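1. Just need the structure, nothing else, for what follows:
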Amino acid sequence: MTLLPDLPQNTALLDLLRQQGVPQERGAYVYEGWELHTHPDLVERLEDLAPKWPVLATFGMPVLAAKGIAAVVAWSMGMLLMRLPEAPAEPLEPAEPCPPLTDPGHGWYSLCPWQSELPSAESKRLLALLIQHALSYAASLSEDDSIHWQGRPVQAPGRGKAKSRRPSRDKGRRQGGRGRRR
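-> Coordinates of the predicted model:
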């Protein structure tokens with residue numbers, strides 16, 4: 001089962017992940033009912049780069065999505081696939097391509113999640129910023145304004161939390177020694 005919605009924007013990714021997915025109930029590398037296709041260290045790295053973002057288990061792969069549209073996938077040991085409007089800027093080191101997603105014109109870019117050429121703090125900062133950019137871009141591809149970035153329904157204007165009023169005691173009459181007429 002996948003938590004990533006079967007939307008047209010997700011079709012190419014879901015097709016690719018579905019081909020590789022292996023249902024698995026038990027074992028050391030089970031991820032929400034599927035064989036884990038991502039090294040646990042990379043799952044942890046993704047969670048560290050986007051700490052407040054829900055990770056969706058999708059056919060054994062951790063995925064970040066905005067408004068139900070996939071934005072980032074942690075793949076194997078050394079690849080973060082990111083959906084972006086343009087190629088990431090230098091100095092970020094690319095990872096191996098992942099056809100057909102990373103083919104020109106498909107909007108996915110493969111990056112090394114460890115960025116060994118950069119200091120650790122700088123690597124984390126740049127990747128976290130790029131993940132936020134990917135999530136923002138994915139959200140912009142959605143036409144559904146009823147869904148919050150993280151997939152929760154959005155409250156309609158004017159339907160927010162109702163202001164609570166104290167229940168009136170006995171309309172207009174004073175009760176007990178102290179109190180004010182309403």
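
2. Give me the helix or strand of this structure that scores worst on average pLDDT.
-> Within the chain, no helix or strand scores below strand 30-31, which has a mean of 70 by mean pLDDT, DSSP states H and E.

3. Spatially central residue for the protein, please.
-> Residue closest to the average C-alpha location in the chain (Cα atoms, centre = their mean): residue 64, at 2.7 Å.

4. any idea which helix is longest in the chain?
-> Criterion DSSP state H: the longest helix present in the chain is helix 120-140.

5. Report the buried residues of it.
-> Of the residues in helix 120-140, 123, 126, 127, 130, 131, 132, 133, 134, 135, 137, 138, 139 count as buried by neighbour count, 16 or more other Cβ atoms under 10 Å. (Glycine included, C-beta is placed from N, CA and C.)

6. Run a quick neighbour tally on the residue nearest to the third one when sequence neighbours are not counted.
-> The spatial neighbour of residue 127 that comes closest, neighbours along the chain excluded (Cβ to Cβ, 6 or more residues apart in numbering), is residue 49 at 5.3 Å. The burial count assigned to residue 49 is 23, neighbours taken as other Cβ atoms under 10 Å.
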